[in-house]
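Q: My questions concern the predicted model and sequence given below.
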Amino acid sequence: MPRVMPIFGTRPEAIKMAPIVIALQESAEFDCIVTVTGQHREMLDQVNELFGIVPDHDLNILQQRQSLSAIMTRTIDGLDKLFTEAKPDAVIVQGDTTTSTAGAIAAFYHGIPVVHVEAGLRSGNLLSPFPEEANRKITSQIASLHLAPTSISKANLLAEGISEDDIVVTGNTVIDALLTTVNKHIPFSDPQLEELAESGRRILLVTTHRRENQGDAMRGVARALARIADAEPELTIVLPVHRNPVVREAVLPAIEGKGNVIVTEPLAYGEFTRMLSLSHVVLTDSGGVQEEAPSLGKPVLVMRDNTERPEAIHAGTVALIGTDEERIVKEVDRLLNEQEHFDAMANAVNPYGDGKAAQRTVAAVAELLGIGKRIDSFN
Ligand code: UD1
Ligand code: UDP
């Protein structure tokens, strides 16, 4: 039986890999060896716990305020030893984190085929998002099988000379994860959030963490949030704040003491998707949240200057607004107070998937390993 090793290390990889791990484990065709790097800790463990995934190997690499080089070297070093012992026939990496690219490089050095999930996203700017744009391009150079979420990402890969035979359009597994989680009505562990859910108040859900936004840009975001909180007393801002101390130092001072801002620890995925479905507007620099919110019909303001996820912008539910304080205040105000503008953006669309991405992934991996055939692509 072929030995397939999914490797992941951060919260978004765990969420997007979970449907694949579950599908591999349910299949009688594979021996699935789950390996986590532990690039994240609490934020990774809370996802695995929700999906009932118990890693077979944990490199436990996290260091506080870790450098990119430390993530890269500690991951490659750990996998180098593990591959010698576990001898996988293929590895699966997801997306564009440093765990993902380090996993691909380590496997490539061992002659192990790399399956890249969420392949072909491109912003066109090597420095934004940093280092993710470079990470995903590096992985594309060494992967054997490229699982593109959409036809746009497939086109990006073709334009870079990747052979069409090696690309499958699967949809994004984040939609598989969302669909199996969002309707479970998971109770909030923070009583303030349960109270908020019952109050029917309008919610602005905010997340921010991107490296290129840390520092001045993120302090500007926090000042914008403070101004919105003062201007809109009937609104509640919910900010599940990333575990990164650099993010906390930038964001928390400006909003401390605001009665209508709730700052929480990162929400477990089930709680977060419920909060997403209760929200009126979403303000974020997250990749995954940009993909999930449109599926729930929530308008999304993206605090970035570019995106590798143009599909929901084309569909009209996502707007790129950058990180300028004035612009954030203005764009949130428009969505809160101009009904027509809100209605135009609040459409439920599913450009990123149909919930069957994991099934297509497993079939494509089976074909790569010579034990099955691909199924129809996501259209
Ligand atoms: C990483 C990914 C980014 C992804 C993001 C998802 C890279 C280079 N970056 O960025 O692509 O969008 O994850 O959230 O791969 N920390 C904890 N506990 C945790 C998680 C983080 O304490 O569970 C703290 C640590 O101090 C750590 C810091 O956060 O050093 C930053 O974590 P890191 O993984 O380096 O960067 P992220 O910004 O989370
Ligand atoms: N998310 C979560 N709890 C939170 C905030 C986000 O479970 O408190 C989920 C969210 O639903 C999405 C993913 O985390 O699926 C996005 O992760 P993040 O923004 O950290 O990374 P990115 O997607 O930008 O790489």
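A: Yep, it's here. Ligands and ions are numbered 1, 2, ... in the order given.

Q: and the lengthiest helix in the chain, average pLDDT?
A: Longest among the helix segments of the chain by residue count, using DSSP state H, is helix 68-86. Helix 68-86 carries an average pLDDT of 98.

Q: which stretches of this protein form strands?
A: 3-8, 31-32, 35-36, 57-58, 90-94, 114-117, 145-148, 167-169, 202-207, 235-240, 261-264, 281-284, 300-302, 318-320 (DSSP state E).

Q: Just put those strands in CSV and tack on mean pLDDT.
A: Output for the strands of the chain, formatted as CSV (pLDDT from 0 to 100):
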stretch, mean pLDDT
strand 3-8, 98
strand 31-32, 98
strand 35-36, 98
strand 57-58, 98
strand 90-94, 98
strand 114-117, 99
strand 145-148, 99
strand 167-169, 98
strand 202-207, 98
strand 235-240, 98
strand 261-264, 98
strand 281-284, 98
strand 300-302, 98
strand 318-320, 97
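
Q: For ligand 2, find the nearest of these.
A: Nearest to ligand 2, of all the strands of the chain, is strand 235-240, at 3.3 Å by C-beta to the nearest ligand atom. In this view, the C-beta of every residue, glycine as well, is placed from N, C-alpha and C.

Q: Any residue of the closest one touching ligand 1?
A: No: for strand 235-240, no contact with ligand 1 is found by C-beta under 6 Å from any ligand atom; the gap never falls below 11.3 Å.

Q: And for that strand, what's in contact with it?
A: For strand 235-240, contacts defined as C-beta atoms under 8 Å, 6 or more residues apart in numbering pick out 193, 196, 201-207, 225, 228-229, 251, 255, 258, 260-267, 272, 275, 279-280, 336.

Q: Give me the buried entries from these.
A: Among the contacts of strand 235-240, the ones that count as buried by 16 or more other C-beta atoms under 10 Å are 193, 196, 203-207, 225, 228-229, 251, 255, 260-264, 266-267, 272, 275, 279-280, 336.

Q: near ligand 2 too, which of the residues you listed?
A: Counting by C-beta under 6 Å from any ligand atom, the subset of the buried ones among the contacts of strand 235-240 that neighbours ligand 2 consists of Thr207, Pro266, Leu267, Phe272.

Q: Just the ones in helices from the residues you listed, please.
A: Phe272.

Q: Residues of this structure that sit close to ligand 2?
A: Close to ligand 2, as judged by C-beta under 6 Å from any ligand atom, the chain has residues 11-12, 15, 174, 207, 209, 240, 266-267, 269, 272-273, 286-289, 292.

Q: ok, now with 5 Å
A: Arg11, Pro12, Ile15, Pro240, Pro266, Leu267, Tyr269, Phe272, Ser286, Gly287, Gly288 (C-beta under 5 Å from any ligand atom).

Q: Check those residues and tell me the two furthest apart.
A: Farthest apart among the residues of the chain next to ligand 2 by C-beta to C-beta are Leu267 and Gly287. That separation is 17.0 Å.
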